[in-house]
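Undergrad: pasted the sequence and its predicted model underneath.
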Amino acid sequence: MNELPHVAIDVPSELSPIEALGVFASEPNSFILSSGLNTGSGWQYSFAGTRPFLVFRSKGKETEVTTDSLKKKIVGNPFDILKEILAKYKDASASPFPLFPGVAVGYFGYGLSSHIEELPITAVDDLALPDCYLCFYDTIITFDQLNRKIQLYSSRLSGGETISSEEVGEKLHQAKIRERNIHTFSKKESPSIISNFQKEDYLQAIVRAKDYIDRSDIYQINLSQRLMMKAGIPPFELYRRLCILNPSPFASFLNFEGISVVGSSPERFLRLRNREVETSPMKGTRPRGESAREDKKLEKELLSSEKEKAELIMIVDLERNDLGRVCEYGSVRVKESRNIEKYATVFQTTATIIGTLREDKDAIDLLRASFPGGSVTGVPKVRAMELIDELEPTQRSVYTGAIGYISFTGEIDLNIAIRTFLIKNERAYFQVGGGIVADSEPEAEYEETLTKARALIQVLTEVTEAQRHKGTKKPKL
């Protein structure tokens with residue numbers, strides 16, 4: 001294996017992994033992908049990057065590609081354009097981590113589904129964000145959580161400006177001595193939250209969805225409401241709090257031009273490595289209890305629910321079908337049929353499906369075959385997406401798309417964009433939903449969305465209180 005040039009830098013013991021990774025978080029087009037912080041997942045490394053050599057943004061049929069020397073607009077299918085660009089940087093070299101020798105990091109918004117299927121677009125696009133926003137990096141910062149070392153890897157594929165080890169060391173030193181305004185408060189006022197649905201309208205949307213189910217148009221559909229809070233919230237502080245208060249396997253921070261994306265997703269959408277594919281859809285939710293005894297009762301209730309079990313089985317069948325379009329015949333199978341996972345405010349059940357990608361297919365082909373995830377659309381997928389456009393008042397934007405990376409070696413790791421904040425123009429947006437089936441109770445489904453929102457609202461409350469009391473010295477988290 002040809003080892004990439006890299007430098008190891010010790011991390012001051014005073015700094016948490018989040019703070020160490022965040023030394024470049026204020027720079028435009030920077031990212032952090034941290035898998036397993038505070039979750040006990042056993043994953044050793046997290047990644048960060050800044051100063052991309054290429055930025056890829058698409059909206060509708062128009063894609064803008066920006067480098068240090070040019071800005072080019074291309075009309076066409078963004079998946080085709082992305083595939084062509086990635087081919088220019090394709091590198092089959094062995095590497096110590098999946099993100100090397102280069103990687104495209106960002107989000108694939110839900111709206112990209114219209115480039116895969118013929119779908120109506122009638123919901124209001126009030127956020128007007130790119131459908132896809134990816135930054136290409138040839139220098140990556142890794143954080144070794146076990147050995148508390150930052151390593152700086154650079155392939156210098158672009159030949160452009162990159163980060164020096166001296167600069168990283170200086171930023172770590174400044175982070176160590178900087179007075180941080182991180183507070184805890186015994187009394188918190190919940191921020192004012194506005195939904196894109198009135199409660200009565202959301203309940204009516206569920207009733208209409210059930211009518212379509214009764215007519216056998218669909219068997220299941222994911223409906224959601226979007227919540228918004230007006231506040232000047234520092235995106236990285238929001239990310240820090242989210243990792244602490246709602247830890248999950250797939251935490252993400254994207255500080256992109258005009259938009260920050262802060263996520264704490266529990267659900268893996270797609271992983272491709274060495275041509276082995278994995279997807280882990282999530283269906284079935286119960287709130288966490290107030291005590292260990294109540295926790296156990298609610299966990300048992302979730303596992304014994306025939307409704308929740310049937311929902312997950314439907315989605316597993318859908319995902320198997322999606323993977324079967326691009327995987328080797330006979331390779332797609334259910335590795336785990338139903339597991340329960342515990343998070344800060346909810347229990348959820350998941351399954352895992354695996355397969356082997358065909359030799360004539362690549363990461364973009366896999367993405368096209370599977371996008372968006374079945375757990376956040378419905379069954380059958382295309383008809384469910386048509387009805388989502390009809391029943392939800394605003395376009396989903398990043399929500400229920402995917403966040404993560406595609407490496408230049410052809411590997412991919414993406415999570416479903418749920419439990420995710422969008423920060424734009426001093427407004428924080430987040431969306432929560434649930435699966436509707438024939439025997440769904442509208443009031444219970446509405447309450448499930450609020451259960452999922454609890455941890456996110458708590459994070460917003462913490463951050464807004466910290467901003468109000470900025471400068472008051474309190475014990476740090």
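TA: Alright, I've got the coordinates.

Undergrad: what number of residues lie near Ile74?
TA: As a burial measure, Ile74 scores 16 neighbours (other C-beta atoms under 10 Å). Bear in mind the C-beta positions are built from the backbone N, C-alpha and C, glycine included.

Undergrad: using the three-state scheme, assign it.
TA: The local conformation at Ile74, judged by DSSP: H, G, I helix; E, B strand; the rest coil, is strand.

Undergrad: quickly list what it is bridged to.
TA: When bridges are assigned using DSSP bridges, the partners listed for Ile74 are Thr63.

Undergrad: so what's it up against?
TA: Glu62, Thr63, Glu64, Val65, Ile81 (C-beta atoms under 8 Å, 6 or more residues apart in numbering).

Undergrad: any low-confidence regions in the stretch 51-200 of the chain?
TA: Counting by pLDDT under 70, the stretch 51-200 of the chain has low-confidence residues at 91-100, 158-161, 175-191.

Undergrad: now the helices for it?
TA: 78-88, 165-177, 199-214 (DSSP state H, counting those that start in this stretch).

Undergrad: could you dump those to a markdown table with mean neighbour count?
TA: Shown next, in a markdown table, are these (neighbours: other C-beta atoms under 10 Å):
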| stretch | mean neighbour count |
| --- | --- |
| helix 78-88 | 17 |
| helix 165-177 | 14 |
| helix 199-214 | 17 |
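
Undergrad: quick one, which of those helices is nearest to Arg51?
TA: When the helices of the stretch 51-200 of the chain are ranked by distance to Arg51, counting by C-beta to C-beta, first place goes to helix 165-177 at 10.5 Å.

Undergrad: re the thing from before, to Leu245, which of the helices of the stretch 51-200 of the chain lies closest?
TA: Using C-beta to C-beta, the nearest of those to Leu245 is helix 165-177, at 21.1 Å.

Undergrad: starting at the chain centroid, how far to that closest one?
TA: 28 Å (C-alpha atoms, centre = their mean, to the nearest Å).

Undergrad: mind putting the helices of the stretch 51-200 of the chain into CSV with distance to Ala455?
TA: Compiled in CSV, these are given as follows (distance: least, C-beta to C-beta, whole Å):
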stretch, distance to Ala455
helix 78-88, 33
helix 165-177, 26
helix 199-214, 20
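
Undergrad: so which of these comes closest to Leu127?
TA: Between Leu127 and the helices of the stretch 51-200 of the chain, the tightest spacing by C-beta to C-beta is seen for helix 78-88, at 17.9 Å.

Undergrad: which of the contacts of Ile74 are buried, as a ChimeraX select command?
TA: Of these, the buried ones go into a single ChimeraX selection, burial set by 16 or more other C-beta atoms under 10 Å:
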select :63,65,81
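
Undergrad: ok so, going back, so which of the helices of the stretch 51-200 of the chain comes closest to Asp126?
TA: helix 199-214 (16.4 Å).

Undergrad: summarise which helices and strands the next helix or strand after that closest one is packed against.
TA: Per DSSP states H and E, the first helix or strand lying C-terminal to helix 199-214 is strand 220-230. For strand 220-230, the helices and strands in contact under the criterion 3 or more C-beta pairs under 8 Å, 6 or more residues apart in numbering; DSSP states H and E are strand 194-195, helix 199-214, helix 306-324, strand 378-379, helix 381-391, strand 427-436, helix 442-468.

Undergrad: out of the ones you listed, flag the one nearest Tyr45.
TA: helix 442-468 (24.6 Å).

Undergrad: would a markdown table of the helices and strands packed on strand 220-230 with distance to Pro235 be doable?
TA: Listed next are those as a markdown table, based on distance: least, C-beta to C-beta, whole Å:
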| stretch | distance to Pro235 |
| --- | --- |
| strand 194-195 | 20 |
| helix 199-214 | 28 |
| helix 306-324 | 32 |
| strand 378-379 | 31 |
| helix 381-391 | 27 |
| strand 427-436 | 9 |
| helix 442-468 | 10 |
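
Undergrad: for these, which one sits closest to Phe408?
TA: For Phe408, the closest of the helices and strands packed on strand 220-230 is helix 306-324, at 23.4 Å, according to C-beta to C-beta.

Undergrad: tell me what the closest one is packed against?
TA: Identification of packing neighbours for helix 306-324 by 3+ C-beta pairs under 8 Å, 6+ apart yields strand 220-230, strand 276-279, strand 282-287, strand 333-342, strand 346-356, helix 363-370, strand 378-379.

Undergrad: if we can go back for a sec, want to try JSON lines for the contacts of Ile74, with distance to Leu456 as columns?
TA: Converted to JSON lines, the contacts of Ile74 look like this (distance: C-beta to C-beta, whole Å):
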{"residue": "Glu62", "distance to Leu456": "32"}
{"residue": "Thr63", "distance to Leu456": "31"}
{"residue": "Glu64", "distance to Leu456": "31"}
{"residue": "Val65", "distance to Leu456": "34"}
{"residue": "Ile81", "distance to Leu456": "34"}
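
Undergrad: center of the protein - which residue?
TA: In the chain, the residue lying closest to the centroid (C-alpha atoms, centre = their mean) is Ala417, at 3.5 Å.

Undergrad: and that residue, what is it in contact with?
TA: By C-beta under 8 Å, 6+ apart, Ala417 lies in contact with Tyr107, Tyr110, Val261, Gly263, Ser265, Val398, Tyr399, Thr400, Gly401, Ala402, Ile403.

Undergrad: would you agree Pro372 falls within a helix?
TA: No. Secondary structure assignment (three-state DSSP) places Pro372 in coil, not in a helix.

Undergrad: and it, how far from Tyr399?
TA: As defined by C-beta to C-beta, to the nearest Å, Pro372 lies at a distance of 10 Å from Tyr399.

Undergrad: same deal with Glu166?
TA: Using C-beta to C-beta, one obtains 40 Å as the distance from Glu166 to Tyr399.

Undergrad: what count of nearby residues applies to Ile457?
TA: Here the neighbour count serves as a burial measure; for Ile457 (other C-beta under 10 Å) it reads 18.

Undergrad: before we move on, back to that, what about Pro372 and Tyr399, which has more around it?
TA: Pro372 (27 against 24).

Undergrad: list the contacts of that one.
TA: For Pro372, the contacting residues are Tyr110, Leu112, Ser113, Met385, Thr400, Gly401, Ala402, taking C-beta under 8 Å, 6+ apart as the criterion.

Undergrad: list the residues that contact Ile116.
TA: With C-beta under 8 Å, 6+ apart, Ile116 has these contacts: Phe79, Arg368, Phe371.

Undergrad: 10 Å - rerun?
TA: If a contact means C-beta atoms under 10 Å, 6 or more residues apart in numbering, then Ile116 has Asn77, Phe79, Leu367, Arg368, Ala369, Ser370, Phe371, Pro372, Lys381, Val382, Met385 as its contacts.

Undergrad: am I right that the fourth one is in contact with Ile412?
TA: In this case it means Arg368. No. Under the contact definition of C-beta atoms under 10 Å, Arg368 does not touch Ile412, with a separation of 12.0 Å.

Undergrad: which residues touch the closest residue to Glu117 other than its chain neighbours?
TA: Using C-beta to C-beta, 6 or more residues apart in numbering and skipping the chain neighbours, the partner closest in space to Glu117 is Val382 (5.2 Å). Contacts for Val382 (C-beta under 10 Å, 6+ apart) come out as Ser113, Ile116, Glu117, Glu118, Leu119, Ile218.

Undergrad: which of these sits closest to Phe236?
TA: Compare each of the contacts of Val382 with Phe236 using C-beta to C-beta and the shortest gap goes to Ser113, at 30.2 Å.

Undergrad: residues touching the closest one, list them.
TA: Here Ser113 is in contact with 119, 131, 368, 371-372, 377, 381-382, 385, 388-389, 396, 400-401 (criterion: C-beta under 10 Å, 6+ apart).
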